[in-house]
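**Q** need the 3D shape of this:
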Amino acid sequence: MLVDGAGMTLYMFVPDQQENGTPTCYTDCEKMWPPFEAAESGVFLPGEGVDEALFGTVARKDGTQQVTYNELPLYVFSGDEAAGDVNGQGLGDVWWVMDAGGEPIRKTAGNY
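**A** Residues are numbered from 1 along each chain as shown. Take a look at the predicted model:
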């Protein structure tokens, strides 16, 4: 699954997928699910096992650049406290971690 530089899990949001990769998580949603934003320097170092060609960015309403993978905006979950936590996995049946191929992993602890 995808993680940020600190090992925090990255998630995709189904409504963004339904809007062809346009970010849709704002206001209260954004407080719980902060967007994974591109560094101001523009330097981005993908980790081992991911396809660098699948990374990109998309502009948010405020002009910041949100990182995408396979054209889907990425988010962190405020309920994840430590690297490797996946407390947001499957929430509302709309938040999913992504595999290295860029596909959502639609499994929860109860359906592995």
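**Q** tell me the pLDDT at residue 5?
**A** We note a pLDDT of 85 for residue 5 in this prediction.
**Q** repeat for the one 5 residues further on
**A** Looking at residue 10, its pLDDT stands at 95.
**Q** and it, what does it touch?
**A** Counting by C-beta atoms under 8 Å, 6 or more residues apart in numbering, residue 10 touches 1, 2, 3, 4, 36, 69, 74, 75, 76, 97, 98. Heads up, the C-betas are built off the backbone N, CA and C, glycines and all.
**Q** and the gap between residue 51 and residue 106?
**A** Plainly put, residue 51 is 20 Å away from residue 106 if you go by C-beta to C-beta, to the nearest Å.
**Q** now residue 50
**A** Using C-beta to C-beta, residue 50 is found at 19 Å from residue 106.
**Q** would you list every one of the strands in this protein?
**A** Assigned by DSSP state E, the strands in the chain fall at 11-13, 55-59, 65-69, 72-73, 95-98, 104-105.
**Q** against which helices or strands is the first one packed?
**A** So that's strand 11-13. In terms of contacts (3 or more C-beta pairs under 8 Å, 6 or more residues apart in numbering; DSSP states H and E), strand 11-13 is packed against strand 72-73, strand 95-98.
**Q** residues making contact with the longest one?
**A** For strand 95-98, contacts defined as C-beta under 8 Å, 6+ apart pick out 1-2, 9-14, 33, 69-70, 72, 74-75, 77, 86, 88-90, 104-106.
**Q** just the buried ones from those residues, in PyMOL syntax?
**A** Buried residues within these, by 16 or more other C-beta atoms under 10 Å, are selected in PyMOL with:
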select buried, resi 2+9+10+11+12+13+14+33+69+70+72+74+75+77+86+88+89+90+104
